[in-house]
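> A predicted structure for the sequence below; I have some questions about it.
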Amino acid sequence: MSLLSAAGLRKSFGPTEALRGADFEIDAGEIVAVMGPSGSGKSTLLHCLAGIMPPDDGRVVYRERDLASLSDADRSSLRRSEFGFLFQFGQLVPELSCLENVALPLRLGGTKRKPAEASARTALDRFELGDLAGKRPGEVSGGQGQRVAIARALITTPKVVFADEPTGALDSLNGERVMRLLVAAAKELSTAVVLVTHDVRVAAYSDREVIVRDGRTPERVAVP
Ligand code: ADP
Ligand code: ADP
């Protein structure tokens, strides 16, 4: 039984059919790259898998639970406790320090400030980002900010991280650094990663690739 799977997903935005029968599955601890040209439906697939967007048709099943069968409150709480998110940019809260940003998912889950910030401090130190703790996101580089965002995405030790073009705003050197950190941390925590990218060098960090083309997933490619 896979950790997260989807079958027959369809989603339209007005006349645009973003997904027209997409399938997906990922096992615990697996890193799967979702590849395909711009506009092929990758982000829409990710939003459906993460329970952010309901598909028009088809099912998303997480640990044997159909996401559509959960109440909004249960889906939100599932997202908060078991999923992590990583986007291209603009995801750190500018008014908070890097430490407070990393602590935020714990705070939203009800953890008190002191223990939340102690965990965030440990996470930043483990990722060799301790020097950034007191800085605002505007005071750190793009690559540093993305590594802080990884620390934040993993602070709750989620079962799955949804990453949409996490290196899209970085040069290749910083992109590689971010990917090395993401893969090492995810493997250590046995966190699965759904990695949306159009960059083959980023996909090379995955265990397996799924190709999306015109809203369908016809091809599955094993990475040797
Ligand atoms: P990708 O991530 O592969 O670039 P998307 O899933 O973002 O593809 O988009 C697939 C198609 O659906 C595109 O034609 C896009 O313009 C359209 N689309 C995606 N989200 C929306 C939306 N919220 N409203 C209207 N059209 C959308
Ligand atoms: P990416 O493919 O890199 O994730 P997009 O620009 O395709 O970025 O999408 C960014 C956001 O805008 C997504 O939430 C997507 O659903 C939404 N979106 C994409 N295309 C459209 C569109 N044509 N109209 C409205 N919203 C859209």
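The structure has been received and is ready for your questions. Ligands and ions are numbered 1, 2, ... in the order given.
> up against ligand 1, what does the chain have?
Phe13, Thr16, Ala18, Gly36, Ser38, Gly39, Ser40, Gly41, Lys42, Ser43, Thr44 (Cβ under 6 Å from any ligand atom). The C-beta positions use only the backbone N, C-alpha and C, and glycine is treated the same way.
> include secondary structure and pLDDT when you put the residues you listed into JSON lines, please.
Formatted as JSON lines, the residues of the chain next to ligand 1 follow (DSSP: H, G, I helix; E, B strand; the rest coil; pLDDT from 0 to 100):
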{"residue": "Phe13", "secondary structure": "strand", "pLDDT": "97"}
{"residue": "Thr16", "secondary structure": "strand", "pLDDT": "96"}
{"residue": "Ala18", "secondary structure": "strand", "pLDDT": "97"}
{"residue": "Gly36", "secondary structure": "coil", "pLDDT": "94"}
{"residue": "Ser38", "secondary structure": "coil", "pLDDT": "92"}
{"residue": "Gly39", "secondary structure": "coil", "pLDDT": "95"}
{"residue": "Ser40", "secondary structure": "coil", "pLDDT": "95"}
{"residue": "Gly41", "secondary structure": "coil", "pLDDT": "97"}
{"residue": "Lys42", "secondary structure": "helix", "pLDDT": "96"}
{"residue": "Ser43", "secondary structure": "helix", "pLDDT": "96"}
{"residue": "Thr44", "secondary structure": "helix", "pLDDT": "97"}
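> most surrounded residue in those residues?
Lys42 (27 neighbours; other Cβ atoms under 10 Å).
> quick check, central residue of the protein?
Against the mean C-alpha coordinate of the chain, by Cα atoms, centre = their mean, the closest residue is Phe162 at 1.8 Å.
> who are the contact partners of that residue?
Applying Cβ atoms under 8 Å, 6 or more residues apart in numbering to Phe162 gives the contacts Leu46, Leu49, Ala50, Phe83, Gly84, Phe85, Leu86, Val194.
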